[in-house]
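Undergrad: sequence unavailable; structure follows:
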């Protein structure tokens with residue numbers, strides 16, 4: 001018998017909730033509109049960005065690119081030192097979820113070649129602007145400043 005009472009009580013509670021949710025206002029006055037604007041419209045949320053994490057910065061640049069940008073790297077005679085030069089050195093950062101970097105320094109007979117790469121993941125805090133759009137805006141600002 002207890003099981004029957006439990007099912008009946010649950011059904012009564014469910015019926016009361018549905019009645020409360022589907023009932024309209026009894027008055028003919030204007031209803032309080034918490035969401036102004038046209039009925040049935042909602043602000044579309046922006047699409048999230050492509051990347052949740054950043055790539056490993058010292059592995060982001062290939063050997064061919066390093067050979068062309070750092071000509072002295074091929075002139076290193078010791079294979080262990082050459083491998084170390086190809087690996088680069090990670091930049092110190094305190095928020096590796098948002099910004100990472102790597103640098104390469106290759107001394108040669110003529111000069112010292114340096115390459116630095118910084119990767120930053122942009123997050124938009126505005127729901128109407130996607131992460132990709134926010135990154136595009138920041139890039140345009142940096143480009144105009146340069």
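TA: Yes, it's here. Only a predicted model underlies this, so the values are computations on that prediction, with no experimental measurement involved.
Undergrad: how about the strands in this protein?
TA: Ranges of strands in the chain, per DSSP state E, are 89-90, 99-107, 112-120.
Undergrad: tell me the angle the second one makes with strand 112-120.
TA: Taking axes from the mean of the first three to the mean of the last three Cα atoms, to 10 degrees, one finds that strand 99-107 is oriented at 170 degrees with respect to strand 112-120.
Undergrad: returning to what we had before: could the strands of the chain be laid out in TSV, adding mean pLDDT and distance to residue 74?
TA: Where you see a C-beta, it was placed from the backbone N, CA and C, and this is true even at glycine. Below are the strands of the chain laid out as TSV (pLDDT from 0 to 100; distance: least, Cβ to Cβ, whole Å):
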stretch	mean pLDDT	distance to residue 74
strand 89-90	94	19
strand 99-107	92	9
strand 112-120	91	11
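Undergrad: and those strands, which is most packed in?
TA: strand 99-107 (a mean of 18; mean count of other Cβ atoms under 10 Å).
Undergrad: for the chain, which segments count as helices?
TA: Along the chain, counting by DSSP state H, helices occupy 2-22, 63-69, 79-87, 131-145.
Undergrad: buried residues, the last one. List them.
TA: Meaning helix 131-145. 131-135 (16 or more other Cβ atoms under 10 Å).
Undergrad: and that helix, average pLDDT?
TA: Computed over helix 131-145, the mean pLDDT rounds to 88.
Undergrad: let me know the angle separating it from strand 112-120.
TA: 140 degrees.
Undergrad: now for helix 131-145, which elements pack on it?
TA: Here helix 131-145 touches no other helix or strand, going by 3 or more Cβ pairs under 8 Å, 6 or more residues apart in numbering; DSSP states H and E.
Undergrad: hang on, the earlier thing: closest to residue 61 out of the strands of the chain?
TA: strand 112-120 (6.1 Å; Cβ to Cβ).
Undergrad: report all helices and strands that that closest one contacts.
TA: So strand 112-120, by 3+ Cβ pairs under 8 Å, 6+ apart, packs with helix 63-69, strand 99-107.
Undergrad: could you rerun that using 7 Å?
TA: The contact analysis (3 or more Cβ pairs under 7 Å, 6 or more residues apart in numbering; DSSP states H and E) places strand 112-120 against strand 99-107.
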